[in-house]
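Asks: no sequence for this one, just the structure:
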């Protein structure tokens, strides 16, 4: 059992030493990040924001339709047709 714990401690020390060496040579983690990972994060954020906006718009539209149907009289009558604009035969030249 102690051999396993010793091995785990040696691996932890090696990992810490590698991280310290990388920080010393290359600088802080934030400055070592590649631009592509930052762009990927930005794109994921934009996509998530678009999905959230679409969901909000869909819920708002659905709620508006439901409210309009609740306010409309339920007598079963057909809706009135929209008036047609005058045709060319009724215009005076």
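Replies: It's in. All values derive from a computational prediction rather than experimental measurement. Numbering: from 1, shown residues only.

Asks: What segments of this protein are strands?
Replies: Using DSSP state E, no strands are assigned anywhere in the chain.

Asks: looking at the protein, which helix or strand is least sure?
Replies: The weakest-scoring helix or strand in the chain, judged by mean pLDDT, DSSP states H and E, is helix 29-32 (a mean of 65).

Asks: Now do residue 54 against residue 27, distance only.
Replies: Residue 54 is 40 Å from residue 27, where distance means Cβ to Cβ, to the nearest Å. Where you see a C-beta, it was placed from the backbone N, CA and C, and this is true even at glycine.

Asks: What separation do you get for residue 7 and residue 15?
Replies: If you measure residue 7 against residue 15 using Cβ to Cβ, the figure is 13 Å.

Asks: so what secondary structure elements neighbour the helix of greatest length in the chain?
Replies: If each helix of the chain is counted by residues according to DSSP state H, the longest one is helix 35-71. Judged by 3 or more Cβ pairs under 8 Å, 6 or more residues apart in numbering; DSSP states H and E, helix 35-71 is in contact with no other helix or strand.
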